[in-house]
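A.B. asks: just coords:
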């Protein structure tokens, strides 16, 4: 059986990749995918701790995180489609809906 450290290192690596993607990329779809990657890294940590401690509460909490991720993906995709129809670009530097 693998130790807890391996799962935590994997989770930290995935979360770091997601953070770098959010900070570096300017495409709205890439940013949403990086946010999903960060949520999945959190899910890996929750399942790893749940298995290590012998408690099912972490695995139950993963279902709530997945529900939030699905809602975020649906709303985010609707926003991205709406912005692309209006501005014809997904570059977040070019999209500023607060300007007149």
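C.D. replies: Good, I have the coordinates. Being a predicted model, the structure only gives us computed values, none of them experimental.

A.B. asks: wait, isn't residue 11 in contact with residue 44?
C.D. replies: Yes: between residue 11 and residue 44 there is a contact under Cβ atoms under 8 Å: 4.3 Å. All C-beta spots, glycine's among them, are computed from the backbone N, C-alpha and C.

A.B. asks: which positions within the host helix or strand of residue 72 qualify as buried?
C.D. replies: Element membership for residue 72 (DSSP states H and E) is helix 57-87. With burial defined by 16 or more other Cβ atoms under 10 Å, the residues of helix 57-87 counted as buried are 58, 61, 62, 69, 76, 80, 83.

A.B. asks: hmm, back to that, what about residue 11 and residue 44, which has more around it?
C.D. replies: Neighbour comparison, residue 11 and residue 44: the larger count goes to residue 11, with 21 against 17 (by other Cβ atoms under 10 Å).

A.B. asks: who are the contact partners of that one?
C.D. replies: 41, 42, 44, 45, 48 (Cβ atoms under 8 Å, 6 or more residues apart in numbering).

A.B. asks: got TSV for the buried residues of helix 57-87, with pLDDT too?
C.D. replies: Converted to TSV, the buried residues of helix 57-87 look like this (pLDDT from 0 to 100):
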residue	pLDDT
58	88
61	91
62	93
69	88
76	85
80	82
83	78
